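**Student:** Can you look at this prediction? I've put the sequence above it.
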Protein chains: 2
Amino acid sequence: MKLGPVDTSQSPYARHRTLALSDVRLDGGFWSTWQRTNHKVSLRHGFDQLERFGNFNNLKLAAGKGEGEYRRPVFMDSDVYKWLEAIGYELAWNPDPELVEMADHAIKLVEGAQGEDGYLNSYWDVVEPDRRWADLDHGHELYCAGHLFQAAVAYYRATGDRRLLDVSCRFADYIDSVFGPGKRIGTPGHPEVEMALVELFRETGERRYLDLALYFVDQRGHGLLQHSRFGGGAYYQDHIPVREASTVEGHAVRQLYLTTGVADLYLETGEGALLDALMRQWRNMTSRKLFITGGLGSQHAGEAFGEPYELPNERCYCETCAQIASIMWNWRMLLITGERRFADLLERTLYNGFLSGVSLDGRCYFYVNPLMSRGADPLLGRKHIVRPEWHGCACCPPNVMRTLSSLQHYLATTDESGVQIHQYAPSTIRAAVGNGEAVLKIETNYPWEGTVKLTVQESRGDWTLKLRIPNWSAQASWEVNGRAEAIDVQDGYATLRRSWAVGDTIVLTLAMQPTLIEAHPRVDPTRSSVAIERGPLVYCFEGVDQEQGVDILDAQIDVSQPLGEAWRSDLLGGIVTVEADGFSADPVGWGDSLYRPLGHGAAPARQSTRLTAIPYYAWANRGANPMRVWIPRSDR
Amino acid sequence: MKLGPVDTSQSPYARHRTLALSDVRLDGGFWSTWQRTNHKVSLRHGFDQLERFGNFNNLKLAAGKGEGEYRRPVFMDSDVYKWLEAIGYELAWNPDPELVEMADHAIKLVEGAQGEDGYLNSYWDVVEPDRRWADLDHGHELYCAGHLFQAAVAYYRATGDRRLLDVSCRFADYIDSVFGPGKRIGTPGHPEVEMALVELFRETGERRYLDLALYFVDQRGHGLLQHSRFGGGAYYQDHIPVREASTVEGHAVRQLYLTTGVADLYLETGEGALLDALMRQWRNMTSRKLFITGGLGSQHAGEAFGEPYELPNERCYCETCAQIASIMWNWRMLLITGERRFADLLERTLYNGFLSGVSLDGRCYFYVNPLMSRGADPLLGRKHIVRPEWHGCACCPPNVMRTLSSLQHYLATTDESGVQIHQYAPSTIRAAVGNGEAVLKIETNYPWEGTVKLTVQESRGDWTLKLRIPNWSAQASWEVNGRAEAIDVQDGYATLRRSWAVGDTIVLTLAMQPTLIEAHPRVDPTRSSVAIERGPLVYCFEGVDQEQGVDILDAQIDVSQPLGEAWRSDLLGGIVTVEADGFSADPVGWGDSLYRPLGHGAAPARQSTRLTAIPYYAWANRGANPMRVWIPRSDR
């Protein structure tokens, strides 16, 4: 049994238990294609880039080998660790000697870079050896440590290879000898080590790691971190004690790595004040600061959550890592509560704001994921309009890799009553039920079609099956063994308890049609505009798909007409497009004016056109061209 | 004759000649009140703050006196210079021994800080004495030099005191010995020295200063400046040679100080390629990147011009200094061309985006001037919602002071044909006409009323009077000596040539009523919204003025109903308020949703209300409370 990122099998406050990566197999379909690309292209691409950008060499320098200068930023080690973590998950279900060899290369470098005392960080070792822990605000030592621990746990769970785990325990023990009550006071400027220490505790049973995670969380909100250029302590969530927080603030990735770690702590400690704060923050985020894509972070300055309802289209931030953090957090909230809303947001994020972070070919990565783009500017070289192969600050690419490698982790859980299916993909799921085991086969053409067929392949005794009814599905029905039955919905899940027999089938049908979405009236840039969703997918209009002469930046949609859809196997790896009647509204009457008296000047000349939308995740795979998720309504 | 900021009396390519500050007197009214506050409060406040923040001490340190450490940022000297420049303009028309004494204190510090070789910069002298000119990108040595030169010229013109001018010439000569063909290659990361060198040339007749300004301009666009964190050379307009530019890009203040300097160069050299570039850039700015307030700069990151039509309400930048730079640039464009559009934008900027930079009491200053605010947040301490007394980076306050002290500079000009009145204020204007002189008295309650009465108090011979018809005025009429006459409009100016006699009167009536304004459809955050203008003033809705229970952030305006107005002598120093019918649209039906299918869920419950708007410049003078310039239309 090879467990994935989170093991809640022993967590006293988990409502759901996670399944092993080796117990859930994707059988083709949408995500399987992405995993194959990740395996064949991305993980190897990552190795090459870590070599090319000097991450490996930094570790060599720390080992007293290597040549040349240290290559920044200070958290270069963490890219290696996230990539190793991805390899770990991959090897849990997809043996590959070449990946083992690559990982072995990296693991040896990591081992070599560790100090006698257990300390491990190539930047501080090489560049500022006398200043360990001197800059907890921005030094990223504990952040890198956390990624090391996660990689170590992943790799050990998959392979049984203890090397990284031993390195991690030595380092964690050293950190524990430095920080804590009666020792050094401090907390990391960039959360990450918290969730990692909890997982290291889960794997090793070493309680000190859990205590240390709690210690770091407890230190926040007392002004330890104050050297931010970006508006004080809120930048790293040091403006308020964790238990008192009601909002998500500051650097989005930092905030969401923190809430993830706090959720992990709750899973082990059951401390109500922690969960209460998380619930308040989740509500604040989803009701005030969430992009329709699941994207998070409204401000470039400080990579920050913005003000309530501050959700710009073009100038949003929506860092790929923030969406990954949201996936991690929502997963833990689901494990804690069993409530559908967390699985819903996880799904929205996964299919949209997360997946847009990587190109279809698996080689290129967005850091920032805008909801609107003007296309290229030959003079200025606009950013965030095509995905680069790598980044100087390359946190996102290996973060995407580890998420894709472990994707089956998020499909299903068990509890004492039975099995819960949270995300739909063609798959085979093996799960403990009662005193035995069940094997469930799921067939679906999700996310293109809303039909999900589940077949019981093995089963023993009575148990309860729960299938999520996504919040986007206006209608859901099912047939049990070929007969339509009413659905009993509990916590948002279609729920059925019975003594399942081999060959039993459930066919769940979710209404999946293109739907126009409007945003809260306080959101300025989406006023009088709509977006399109179909099932879990958010759509966008990309210039290249429109009729000749139509500038998508001047287009309007006719919301009085029905939306159409079409399966296009030839396009972007195979997608369902959505078509809409609309107008090309040439603002030529405006001339050079930006402002004019209301009612003066002609309305823009309009020409009817048929607009074509594609899934948002697939944009920017055909060169730089204009794109928009939100489009003005023609009646406005 | 005490000339103001720009002396075009000898400029071969100036269409208009500027008047001396001592030849234009404000006789009460709107701007006179602001000047009085500036004189009585701000200039003294500035002195105190320069002492308190260490600017004076920095100069002492450079002189080998002073105590303690250098206080950053690196351009602290420039705040002293801008303040001295303001004193200079003030003394040109408003003798004040106390100000002379304060200035004398500062001038002695400046003199003491200059090196033997003429070099003068307290930061580099004190902190990095061996690294002069080592960081042209961000070192601000030439920027500070420019502000010194402007202060020196202003102070000398007003007082005849040569001390600063001598310091400046020594420094300029030294700079000229360092930079230029065959010497050091370089150009400043922050333009400013260019316009200053041209003015120093105008005052001294020293041609080398003009050549040096041209040299710095010529160096741009060849990749000399490359160390920006903010997206490469465009940050400091080094992405393209000056003559090839067609757009305004990067750091807004840098860009507009540059265009101002280039306009000064054109005034002296008449080089068509420079003017062509300026014309293209002005068109780009005004048709793509201008806020309705005259504000400039859409992005906090890099304090930058954004993308075309990227004009956010709350998250705009609109640095007070950018608006001042725009005033300086537009003034020079007007001097070059005589075209109304430049005076129009100057007026828009002056009354709105510039004036919002200072509080009514003259003690507090905005750096960022948003078009929307959510009011205070006790937890996070939102910025840019109330004006602080000073800033760590205090470029704006003394920049406001020097603009207010020299305000009469922008009212009128002459040319060989006669006199042009560009801005209206109660004033007495003495101007050379033909071989003699004319004295014109202007009476008006501008900007509250659109009637302007001009009386000829002295005159000689035939000359042409030109009165600007502002572009906001839908109707204009005039009476000449009590008789209605048709207006002959040339270049946007009501034009009348005659042999003016003492006692001749013109009464110009400009239609001044509240007007709803809409923005270009490509501007996202203003879609289906309107703003209100009345005369030169842009209005805003501030929470404190609304009926109880109305949250201005949820309000809508009924554009089918006429707007009302009222003179309120008790409010904010006396203002005309604008009232509108509208609705308080409580989005309670949205619950915690940010997004929902179109047509699902109830429309927000609406209650009729009477909305009150105040001039934008006057906002945030009654504590932190919500504000918006753009308000959604209720029919949308």
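**Tutor:** Looks like it came in fine. Residues are numbered from 1 along each chain as shown, chains lettered A, B, ... in the order given.

**Student:** going forward, measure contacts between C-alpha atoms and count neighbours the same way
**Tutor:** Fine.

**Student:** I'd like to know how far the closest residue to residue A:18 other than its chain neighbours sits from chain B.
**Tutor:** Spatial nearest neighbour of residue A:18, chain neighbours left out: residue A:413 (5.0 Å); criterion: Cα to Cα, 6 or more residues apart in numbering or on different chains. With the distance defined as Cα to the nearest Cα, to the nearest Å, residue A:413 ends up 28 Å from chain B.

**Student:** ok, now residue A:548?
**Tutor:** Relative to chain B, residue A:548 is positioned 20 Å away (Cα to the nearest Cα).

**Student:** For residue A:517, pull up the helix or strand it's in.
**Tutor:** strand A:515-519 (DSSP states H and E).

**Student:** Give me the three-state assignment for residue A:284.
**Tutor:** helix (DSSP: H, G, I helix; E, B strand; the rest coil).

**Student:** ok, the closest residue to chain B within the stretch 151-300 of chain A - contacts?
**Tutor:** The minimum distance from the stretch 151-300 of chain A to chain B, using Cα to the nearest Cα, falls at residue A:287 (4.9 Å). Neighbouring residues of residue A:287 by Cα atoms under 8 Å, 6 or more residues apart in numbering or on different chains: B:592, B:593, B:594.

**Student:** if we can go back for a sec, other SSEs contacting the strand holding residue A:517?
**Tutor:** Applying 3 or more Cα pairs under 8 Å, 6 or more residues apart in numbering or on different chains; DSSP states H and E, we find strand A:515-519 packed against strand A:529-534, strand B:595-597.

**Student:** what's the angle from it to strand A:529-534?
**Tutor:** Going by axes from the mean of the first three to the mean of the last three Cα atoms, to 10 degrees, strand A:515-519 is angled at 140 degrees with respect to strand A:529-534.

**Student:** Report the mean per-residue pLDDT for strand A:515-519.
**Tutor:** What strand A:515-519 shows for mean pLDDT is 98.

**Student:** if we can go back for a sec, can you put the helices and strands packed on strand A:515-519 in TSV and add mean pLDDT?
**Tutor:** Output for the helices and strands packed on strand A:515-519, formatted as TSV (pLDDT from 0 to 100):
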stretch	mean pLDDT
strand A:529-534	98
strand B:595-597	96
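
**Student:** Just confirm residue A:22 contacts residue A:91, I think it does.
**Tutor:** No: judged on Cα atoms under 8 Å, residue A:22 makes no contact with residue A:91 at a distance of 9.6 Å.

**Student:** do you know how far the nearest residue to residue A:233 once chain neighbours are set aside is from residue A:223?
**Tutor:** Nearest non-adjacent residue to residue A:233, counting by Cα to Cα, 6+ apart: residue A:239, 4.7 Å away. Separation of residue A:239 from residue A:223 (Cα to Cα, to the nearest Å): 7 Å.

**Student:** joint contacts of the two?
**Tutor:** residue A:233.

**Student:** Looking at these two, which has the bigger crowd around it?
**Tutor:** More crowded of residue A:239 and residue A:223, by other Cα atoms under 10 Å in any protein chain shown: residue A:239, with 22 against 16.

**Student:** measure that one to residue B:501 for me?
**Tutor:** If you go by Cα to Cα, the gap between residue A:239 and residue B:501 works out to 71 Å.

**Student:** And for residue A:629?
**Tutor:** For residue A:629 relative to residue B:501 (Cα to Cα), the value is 66 Å.

**Student:** Settle it for me: which of the two has more neighbours?
**Tutor:** Each of residue A:629 and residue B:501 has its neighbours counted (other Cα under 10 Å); residue A:629 has more, 27 against 16.

**Student:** check contacts around the more buried one.
**Tutor:** A:313, A:371, A:372, A:531, A:532, A:538, A:539, A:540, A:541, A:616.

**Student:** Not counting its neighbours along the chain, what's nearest it?
**Tutor:** Residue A:629's closest residue in space is residue A:540 (Cα to Cα, 6+ apart), at 4.2 Å.

**Student:** and the helix or strand hosting residue A:419, what does it pack onto?
**Tutor:** According to DSSP H and E, residue A:419 maps onto strand A:418-421. Packing partners of strand A:418-421 (3+ Cα pairs under 8 Å, 6+ apart): strand A:412-415, strand A:427-433, strand A:462-468.

**Student:** Sheet partners, orientation included, of the first one?
**Tutor:** It stands for strand A:412-415. As defined by DSSP bridges, the strand partners of strand A:412-415 come to strand A:17-18 (antiparallel), strand A:418-421 (antiparallel).

**Student:** Need the residues that contact that strand.
**Tutor:** A:15-19, A:419-423, A:429, A:431-433.
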